[in-house]
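J.: Fold the following.
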Amino acid sequence: MLFVKIIMIVLGILLFAVDIYLFIVSLEFRSSKCCKCKGYLQNQRHLKNKKVHRGRYRDPVIWKDYLEFSYVYRVENKEYTIDYHKNGKYGDIPNIVTVHYRKNKPENAYIPNLTFLAEPLLCGLLFPFWVFLIVCGIMV
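T.: Have a look, this model is predicted:
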């Protein structure tokens, strides 16, 4: 039983450390540590009836209109690209957008209302797991 306690607490602490890292990365996108620039539509590709896999154990979904696109933006004479996809047709996305990027890592960027940051979402999803593991490890 002591072995199970130790494993649960260690796993909880590891998830806590990952969660803290994701939280710090999420804070890097605050307005004081974030810059903006213009991004330009580089290419887009429209596919009809695209089969989209939503996970290993879930059945795929057919999207009637599937749009793959990429935006290019320049920071200090270096080009970066944001690749993304969404359900839509040609003309659903603008040619010029505002890109938000981190000052110290310009390759980490997102486009408001078009793409999203995974770090804040993952940070919120991990929180109950590490709390559960640590509490159960202490209580068992």
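
J.: Just give me the longest helix of the protein.
T.: If you go by DSSP state H, the chain has its longest helix at helix 2-27.

J.: Against which helices or strands is the following helix or strand past it packed?
T.: For helix 2-27, the following helix or strand on the C-terminal side (DSSP states H and E) is strand 34-52. Using 3 or more Cβ pairs under 8 Å, 6 or more residues apart in numbering; DSSP states H and E, the elements in contact with strand 34-52 are strand 61-75, strand 96-102. Glycine gets a C-beta too; all of them are placed from N, C-alpha and C.

J.: Of those strands, which stretch is the most buried?
T.: Mean neighbour count (mean count of other Cβ atoms under 10 Å) peaks for strand 96-102 among these, with a mean of 18.

J.: what angle sits between that one and helix 2-27?
T.: Strand 96-102 runs at 130 degrees relative to helix 2-27, counting by axes from the mean of the first three to the mean of the last three Cα atoms, to 10 degrees.

J.: ok, the nearest residue to Phe69 once chain neighbours are set aside - contacts?
T.: Leaving aside its chain neighbours, Phe69 sits nearest to Gln44 (4.0 Å; criterion: Cβ to Cβ, 6 or more residues apart in numbering). The contact partners of Gln44, by Cβ atoms under 8 Å, 6 or more residues apart in numbering, come to 67-70, 90, 93.
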